Structures are given as C-alpha cells and as structure tokens.
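Trainee: Got a sequence here, can you model it:
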Amino acid sequence: MSNTFLVTGGTGTLGRVLTERLSAAGGDVRVLSSRPGPGRVVGDLLTGDGIEMAVAGADVILHAAAGKRGDTDLTRTLIDAARRSGGDPHLIYISIVGIDHIPLPYYRSKLASEALIEASGLRWTIQRATQFHDLIAGMSRILSHSPVVPVLASTNFQPIDVRDVSERLAELARGPAREHVPDIGGPEVLSMRELATTWLAVASKRRAVLSIPAPGRIAEALRQGRNVTPDHRDGRITFEQYLRERSYASLS
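Mentor: A predicted model of the protein is given here:
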C-alpha cells in the first residue's frame with residue numbers, strides 16, 4: 001500500500017528535490033503551496049487558510065517550509081491542523097545541526113519548532129542537517145563582490161547537497177517514526193577560507209582572501225564547531241562537485 005505524502009516548502013530548494021524523489025519512488029505526493037499548480041494543494045501556513053484540507057488524508061507530512069522570521073508559527077499551524085485531521089500522520093521535520101548552541105534568531109525558531117513537534121502528540125521524526133551547498137555558494141558569491149574576500153578565522157563548515165538530504169528524508173518517510181535521528185552532514189569539513197578559495201577557483205575569479213577574527217557568542221560557537229558533525233559525513237556530493245555542475249554565469 002502506497003503512502004500519501006504532503007511536502008511543505010515543496011517549491012523551495014530542498015522541497016523541489018524531495019518532491020521529485022518521492023514521486024519517482026511512487027506514492028501520492030502533494031505539495032503545499034500558496035499558489036495552485038499541478039500536484040499542489042493550496043494553503044497558507046501563516047494564516048492557516050486551507051491547511052486542514054491540505055493535511056487531510058496525508059500519511060506522512062514532510063515539513064520543509066521556512067518563514068522569513070522563522071518556522072515556529074508555521075510549525076504550530078501545521079501541528080494544529082494535523083491534530084484536527086482525524087488521521088495519524090507521521091510528521092518529519094528538517095532542522096539544522098547546532099541550533100541548541102548557536103544563538104542565531106532563526107536557529108532559536110528552529111529549536112522552538114522542534115519542541116512543538118516533540119510535544120505535539122503526533123508521530124514524529126526530526127532530522128538535523130548541516131548547511132546546504134546553496135547557502136555557502138550564495139554567501140561566497142556575495143563576499144566575492146569585494147576585491148578582498150573576508151572570511152571568519154578558525155571557522156569550519158560542512159556543506160551538504162540537497163540531493164543527499166532528500167535521499168535521507170525519503171528513507172525516513174517510508175519508515176516508522178524515529179523521533180531524533182542521527183545528524184546528517186556533508187562529506188567534507190572545510191574552513192571558511194577553503195570554501196571561499198574553492199568558490200573563487202571554480203568561478204575563475206582572482207581575489208585575496210582575508211581571515212578575520214569575529215567577537216560574540218555566535219562566532220565563538222562556530223569556532224567551537226557547533227555547526228558541524230564530523231562523525232556523520234553521510235553526504236556524497238562535495239562542495240566543489242556542486243559548484244562545477246553550475247554554469248559560470250550562476251557563480252558570477
């Protein structure tokens with residue numbers, strides 16, 4: 001018997017890839033969107049409009065939606081609708097490695113969303129991942145606009161490809177609820193300098209790279225490696241491989 005999947009954030013960076021993977025493997029896949037379209041169900045997690053109809057009949061809800069100010073209100077709306085649906089959906093949430101140690105406002109919202117899910121009474125699984133390649137590449141592109149690229153000293157990242165994350169989530173979606181599962185990280189732990197240098201080389205740009213110390217609790221948490229999970233190098237696609245798949249224009 002095939003499952004019915006509902007993907008929130010299904011038109012986003014991760015959600016598009018996840019939706020394609022679930023669809024290719026069979027099953028009924030719905031994408032929650034504020035706009036109608038093929039395979040979509042219309043609903044708004046900010047207002048709650050259409051969410052009860054969207055979750056109705058869903059066996060598995062993969063929550064990949066992200067709000068500009070955080071996920072907490074969106075997650076609360078989704079949980080409330082799932083509780084009222086009369087079903088017993090398995091709620092899978094994609095979170096971020098280190099959110100309980102890095103005091104970024106967005107990370108605090110992710111941590112609050114995790115707490116809501118834990119107390120929801122639903123069957124649930126939470127998967128934390130390191131930063132996506134797209135985020136690191138975007139940051140590198142912005143920094144490269146300067147003739148000198150500033151990077152944080154003594155700071156590592158472990159970027160992961162959304163294809164690797166979607167593969168893990170699709171596996172979880174076809175299994176029982178597991179609550180907190182092991183983190184998933186990219187195949188390499190690299191310094192911010194190494195990442196910037198790799199981006200510049202692939203983009204054929206000549207820039208000086210300057211390591212600068214940064215004060216504050218956030219920078220200290222990054223220096224402590226709270227954002228990486230070196231024991232879980234589960235991703236296969238490296239940052240350089242990801243970049244070389246992109247055209248030069250997309251890196252400029």
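
Trainee: What is the neighbour count of Gly216?
Mentor: 9 (other Cβ atoms under 10 Å). The way it works is simple: take the backbone N, C-alpha and C, and place the C-beta from them, glycine included.

Trainee: With Ala173 instead?
Mentor: When neighbours are defined as other Cβ under 10 Å, Ala173 has 23 of them.

Trainee: Same question for Val7.
Mentor: Using other Cβ under 10 Å, the number of residues around Val7 comes to 32.

Trainee: can you confirm it is in a helix?
Mentor: No - going by DSSP: H, G, I helix; E, B strand; the rest coil, the assignment for Val7 is strand, not a helix.

Trainee: thought it was touching Ser33?
Mentor: No - between Val7 and Ser33 there is no contact under Cβ atoms under 8 Å: 9.6 Å.

Trainee: what ranges do the helices span in the stretch 51-200 of the chain?
Mentor: Taking DSSP state H, counting those that start in this stretch, the helices of the stretch 51-200 of the chain run over residues 51-55, 72-84, 105-118, 133-143, 162-173, 192-202.

Trainee: Would you tell me which of these gets closest to Ser23?
Mentor: Nearest of the helices of the stretch 51-200 of the chain to Ser23, taken as Cβ to Cβ: helix 162-173 at 10.1 Å.

Trainee: what angle sits between that closest one and helix 133-143?
Mentor: 150 degrees (axes from the mean of the first three to the mean of the last three Cα atoms, to 10 degrees).

Trainee: Could you pull up the residues touching Ala221?
Mentor: Going by Cβ atoms under 8 Å, 6 or more residues apart in numbering, Ala221 touches 98, 101-103, 227.

Trainee: Save those residues as a markdown table, and put in distance to Ser109 and pLDDT too.
Mentor: Below are the contacts of Ala221 laid out as a markdown table (distance: Cβ to Cβ, whole Å; pLDDT from 0 to 100):
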| residue | distance to Ser109 | pLDDT |
| --- | --- | --- |
| Gly98 | 14 | 97 |
| His101 | 15 | 97 |
| Ile102 | 12 | 97 |
| Pro103 | 12 | 96 |
| Asn227 | 16 | 98 |
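
Trainee: farthest-separated two in these?
Mentor: Spanning the widest gap among the contacts of Ala221 are Pro103 and Asn227, at 12.2 Å by Cβ to Cβ.

Trainee: Flag the shaky bits of this protein, pLDDT-wise.
Mentor: 1, 248-250, 252 (pLDDT under 70).

Trainee: And the residue positioned nearest the centre of it, how far from Gly10?
Mentor: Closest to where the C-alpha atoms of the chain average out (Cα atoms, centre = their mean) is Ile94, at 5.8 Å. Going from Ile94 to Gly10 by Cβ to Cβ, to the nearest Å gives 12 Å.

Trainee: Touching both of those two, which residues are there?
Mentor: With Cβ under 8 Å, 6+ apart, Ile94 and Gly10 have common neighbours Ala64.

Trainee: Top of the contacts of Ala221 by number of neighbours, please.
Mentor: So for the contacts of Ala221 (other Cβ under 10 Å), the most neighbours sit at Asn227, 24 neighbours.

Trainee: what's near enough to touch that residue?
Mentor: Residues in contact with Asn227, defined by Cβ under 8 Å, 6+ apart, are 97-98, 102, 130-131, 156-158, 221.

Trainee: out of those residues, who's nearest Ser146?
Mentor: Set against Ser146, the nearest of the contacts of Asn227 by Cβ to Cβ is Phe157 (19.4 Å).

Trainee: which residues does that closest one bridge with?
Mentor: Leu190 (DSSP bridges).
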